[in-house]
Structure formats: C-alpha cells, structure tokens
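Trainee: Test case, fold it:
(2 chains)
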Amino acid sequence: MKLATWNVNSLKIRLPQLLNWLAARQPDVVCLQETKLPDQDFPREAIAAAGYHFACSGQKTYNGVALLTREAPSDIVFGNPLFPDEQKRLLTATVQGICVVSAYVPNGQAVGSDKYAYKLAWLDALARWLAERLAATPRLVLAGDFNIAPDDRDVHDPDAWAGQILCSDPERAAFRRLLDLGLKDSFRLFDQPEKSFSWWDYRMLGFQKNRGLRIDHILLSEPLAARCSAASIHREVRKLERPSDHAPVIAELAC
DNA sequence: ATGGTAGCCGCGCTA
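Mentor: Residues are numbered from 1 along each chain as shown, chains lettered A, B, ... in the order given. The predicted structure follows:
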C-alpha cells in the first residue's frame, strides 16, 4: 500500500501534473494540501476518471486539504473537533481500516508573530485530538505539510535557519510531541541521501541550488511503522515546468 | 541587502 502526501500549491494549476503523477506512481492514498479551491470547484470528474475516490475540505485562495483514495473513504471528519478553525487545514477519513489524516499545518510566518502563536496552538490541539484518535484507532497515518523541519539534517543551511520559522525550538518540540504519541517519521526509518528536502523556495534558484527544507512528512503509528518497507521523496516532480514548490513524499506499507 | 517567485480575483496577502 502506497501512502503519499503532496502540497500542490493550487490544485487547479497542478491538476495535469497530479494526474500524470498518479498514473506513474499509482499511490493508494494521497493527502493533498493547499488545494486553494472551494469544494464546488474540486475536479471530481478528473479524479474519478483517474480511479480515485476523494474527500475534500477547501476554500478559495488559501489553504484547502483533500484525500484521494483507491478504496472508498468512510467516517470523514472535517477539521479538529477540539479546535474550531475558519481555515481549512485538516481532513480525516478511514480507508482500508486505517485512519488517515491530511494536515496543512500553519506556516507561522515569523517567530513571535500572531501567526506563530496560532501555529503552536493549532499543533497543540492536533496532538490532543490525535491522542484520542490513536486510542480508538491504533492504525493511523498523519501526513501533510507540517511546516517544520524536525532536525538540522532537514535543513540546507542549519546555521542560517537556526531559530527561524520552520526550525525554531518550540516548533520542533511540537513535532516531537507528535512523535511522543507513538508516531514514527517514515522517512527516517530508512537510510536516506544527505540533503533530502521536500520544499524549495521559488525564489533565488532555491531548487537549482538545493536550498531546501524537509517539511512534508508521513508519520505512522507503531503497527503501521512495523509494516513500512520504503519511504522516499519524488524530487523529480519539482523539476517539471511550472512546479509546486513542494515535492510529493511517499511511504510504502507491506500488506 | 529584507531582495527574489508563484498563486490567489488582487488592486496586497500568503507562502
């Protein structure tokens, strides 16, 4: 079973790339972020024609999350019941007996800003809710754009980024708190190339210079981590013409 | 040095 997450930065713009990537890689479950379109504009026909069911929680211009699944999803939950939020950033469904959560964690803009406080509060509420969900559903996947580089290995220039947004200690502590729930970072279950990143700034030739961060993650609960056989980043997608600034991330489970 | 690029129905904001 292939699980994937991808921040597409506008599903409307990236739909042709998404369809090509689905056909080439055949993931079973895909968590999407930054769809940036209201649910009535979701490309339901194209997704169905590609062979996927879907659930979506979108809004215009900003945010928006979705799930694409080979098997029909059930028990769809919009947002976090513990954290009322106008911003569409969280979507959960049960697929093939697994609780799958697609998350678009707030960026936070700058350490100390109002948006930073919102990010930390959002993550605190996520951890509290996931603790409940894990008690009820031990097989759980949390995948998405976390907007956190968990470790200096995940940063192209750790000295330049030290203490900055996406790398600050409180953000990393919030990430560790998710791991402390019993979740494993699937990417780090395996040896990986040095300087593996999932996001590169559009500006200043960020991708060409590999000035990136690994901020997109697939976290697996223990029963799923025990079955995880591979994890990788589909970096080649970032090389396409008019790419998202994020590359897809994949984890494979032996069934 | 606070730049630069992309996407949004926009006339700045978010990332």
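Trainee: What is the three-state secondary structure of A:Cys48?
Mentor: Check again: residue A:48 is Ala, not Cys. With DSSP: H, G, I helix; E, B strand; the rest coil as the basis, A:Ala48 sits in helix.
Trainee: For the nearest residue to it once chain neighbours are set aside, give me its contacts.
Mentor: Residue nearest to A:Ala48 in three dimensions, not counting chain neighbours: A:Phe54, with 7.9 Å by C-beta to C-beta, 6 or more residues apart in numbering. (Glycine included, C-beta is placed from N, CA and C.) A:Phe54 makes contact with A:42, A:44, A:47-48, A:66-69, A:73, according to C-beta atoms under 8 Å, 6 or more residues apart in numbering.
Trainee: what's the burial count for A:Asp180?
Mentor: Using other C-beta atoms under 10 Å, A:Asp180 has 11 neighbouring residues.
Trainee: Only the buried subset of the contacts of A:Phe54, as a PyMOL command please.
Mentor: Filtering the contacts of A:Phe54 down to the buried ones (16 or more other C-beta atoms under 10 Å) takes a single PyMOL command:
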select buried, chain A and resi 42+47+66+67+68+69+73
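Trainee: Nearest residue to the residue in the stretch 1-150 of chain A that DNA strand B sits nearest to in space, please, no chain neighbours.
Mentor: Distances between the stretch 1-150 of chain A and DNA strand B by C-beta to the nearest atom of the strand are smallest at A:Ser10, namely 3.2 Å. In space, and not counting its chain neighbours, A:Ser10 is closest to A:Lys36: 4.7 Å by C-beta to C-beta, 6+ apart.
Trainee: How about the residue nearest the centre of chain A: what's its closest non-neighbour residue?
Mentor: With distances taken as C-alpha atoms, centre = their mean, the residue of chain A nearest its centroid is A:Gly144 (1.0 Å). Distances taken as C-beta to C-beta, 6+ apart place A:Ala103 nearest to A:Gly144, at 3.5 Å, with adjacent residues excluded.
Trainee: List the contacts of the host helix or strand of the one you found.
Mentor: Taking DSSP states H and E as the definition, one finds A:Ala103 inside strand A:98-104. For strand A:98-104, contacts defined as C-beta under 8 Å, 6+ apart pick out A:3, A:5, A:7, A:29, A:31-34, A:63-67, A:69, A:73, A:89-94, A:126, A:130, A:133, A:137, A:139-146, A:224.
Trainee: Wasn't A:Ala66 part of a helix?
Mentor: No. Using three-state DSSP, the secondary structure at A:Ala66 is strand, not a helix.
Trainee: wait, it sits on A:Ala55?
Mentor: Yes. A:Ala66 lies in contact with A:Ala55 (C-beta atoms under 8 Å); the separation is 6.6 Å.
Trainee: Can you pull the residues that touch both of the two?
Mentor: Contact criterion C-beta under 8 Å, 6+ apart; residues shared by A:Ala66 and A:Ala55: A:Leu91.
Trainee: Would you mind pulling up the elements that the helix or strand hosting A:Leu134 packs against?
Mentor: Element membership for A:Leu134 (DSSP H and E) is helix A:114-136. Using 3 or more C-beta pairs under 8 Å, 6 or more residues apart in numbering; DSSP states H and E, the elements in contact with helix A:114-136 are strand A:98-104, strand A:140-145, helix A:169-180.
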